[in-house]
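**Q** Take a look and give me a structure for this.
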Amino acid sequence: MKLHELIGLSKERLSEIYDREEAAAIVRVWISDRFDVALSAVNSLPDTDLPDHQAELLSIDLDNLCKGVPVQQVTGVAWFCNLPFHVTKDVLIPRPETEELMYLLFEEMQDEPIKVLDVCTGSGCIAVALKNKFPQAHVSGCDISFDALMVAKGNAKKHNAEIDFLWTDVAEGIWEGLQQEKFDIIVSNPPYITSVEALSMHKNVLDNEPHIALFAPDDDPLIFYRQILIFSRDHLNDGGSVWFEVNKGFASEIARMMKGFGFVEVAVENDISGNPRFVSGFLPHYS
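**A** Alright, predicted model coming up:
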């Protein structure tokens with residue numbers, strides 16, 4: 001089989017479960033990762049005959065893609081802030097919205113020996129991206145999932161990022177190993193999707209990404225934000241800040257909550273689609 005024949009066949013098969021534009025985008029990412037070329041170079045690849053062993057491996061890939069397995073899990077690679085991250089079914093696939101949060105935070109940070117905590121770290125993409133951008137920062141990440149923490153540690157090692165990863169149960173207010181720590185920045189993309197929203201989510205997300213990282217409890221959808229803010233009262237330095245990715249339906253409520261916890265300069269920022277997606281605030285300087 002020739003490469004371009006495979007690409008055409010893949011687009012047709014994936015168009016049965018995705019719209020044609022999304023199917024083409026999935027194929028482009030898949031071929032880019034498997035052939036180690038830039039996305040922009042995929043269409044320029046020579047139409048070579050694929051060796052039998054390579055064609056067989058790509059055929060297995062395609063079968064998994066057609067079953068709805070996300071392309072990032074098929075290849076094992078997701079890109080975030082221009083860095084490749086290993087992902088499995090134990091972690092969320094990094095989203096473009098979370099990259100937007102990082103760029104907002106990057107604008108506020110300088111490369112100084114400050115202490116940063118990434119809560120609900122998952123794949124570790126936020127923590128690693130921060131450490132990569134600001135090598136002098138002391139970065140920690142925490143999560144309830146031991147499997148996710150293993151993935152995060154692997155990603156930190158891959159990028160030579162020295163990061164402390166710890167187990168916590170944020171919803172229960174259990175901050176194992178962090179009771180004596182204080183931070184300058186706390187950042188989090190916690191679970192924030194409601195069960196009602198799940199009804200409109202794509203099946204491949206529901207079937208392949210960890211629900212523990214996606215969904216907040218219906219009876220208290222802001223529990224993670226509240227617990228992080230409670231923690232921040234005793235573990236954030238004066239003038240320190242908290243940065244959240246949020247459910248667009250709760251942005252104003254989370255902003256009010258932050259003000260109630262004494263934060264100032266509380267800001268709600270829209271994502272590229274115009275949805276209120278990010279909330280940040282600072283503790284006052286008391287001295």
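
**Q** For the residue of the chain positioned farthest from its centre, give me phi and psi.
**A** In the chain, the residue that sits farthest from the middle, by Cα atoms, centre = their mean, is Asp49; the gap is 36.7 Å. As for Asp49, its main-chain torsions (degrees, to the nearest 10) stand at phi -70, psi 130.

**Q** next one: Val139
**A** The phi and psi torsions at Val139 (degrees, to the nearest 10) take the values phi -110, psi 140.

**Q** Could I get the contacting residues of the residue farthest from the centre of the chain?
**A** Taking Cβ atoms under 8 Å, 6 or more residues apart in numbering as the criterion, Asp49 is in contact with 1-2. All C-beta atoms are positioned from the backbone trio N, CA, C, and that covers glycine.

**Q** And the pLDDT at it?
**A** With respect to pLDDT, Asp49 has a value of 94.

**Q** Am I right that Ser145 is in contact with His211?
**A** No: look at Ser145 against His211 with Cβ atoms under 8 Å: they stay out of range, at 11.2 Å.

**Q** just to revisit the earlier point, now do the residue farthest from the centre of the chain against His4, distance only.
**A** Using Cβ to Cβ, to the nearest Å, one gets 11 Å for the distance from Asp49 to His4.

**Q** pLDDT below threshold where in the protein?
**A** Under the criterion of pLDDT under 70, the regions of the chain flagged as low confidence span 286-287.

**Q** Tell me which residue is most central in it.
**A** Relative to the mean C-alpha position of the chain, the nearest C-alpha, by Cα atoms, centre = their mean, is the one of Pro94, at 3.2 Å.

**Q** which residues in the chain form helices?
**A** For the chain, the helices defined by DSSP state H cover 3-14, 20-35, 52-66, 71-75, 96-108, 125-133, 146-158, 195-198, 203-208, 211-214, 223-235, 251-260.

**Q** Let's have these in CSV, adding mean neighbour count and distance to Ser44.
**A** Putting those into CSV (neighbours: other Cβ atoms under 10 Å; distance: least, Cβ to Cβ, whole Å) gives the following:
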stretch, mean neighbour count, distance to Ser44
helix 3-14, 16, 11
helix 20-35, 17, 11
helix 52-66, 14, 18
helix 71-75, 21, 20
helix 96-108, 16, 25
helix 125-133, 24, 29
helix 146-158, 19, 28
helix 195-198, 12, 39
helix 203-208, 14, 29
helix 211-214, 15, 37
helix 223-235, 19, 45
helix 251-260, 17, 42
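
**Q** Okay then, goodbye and thanks.
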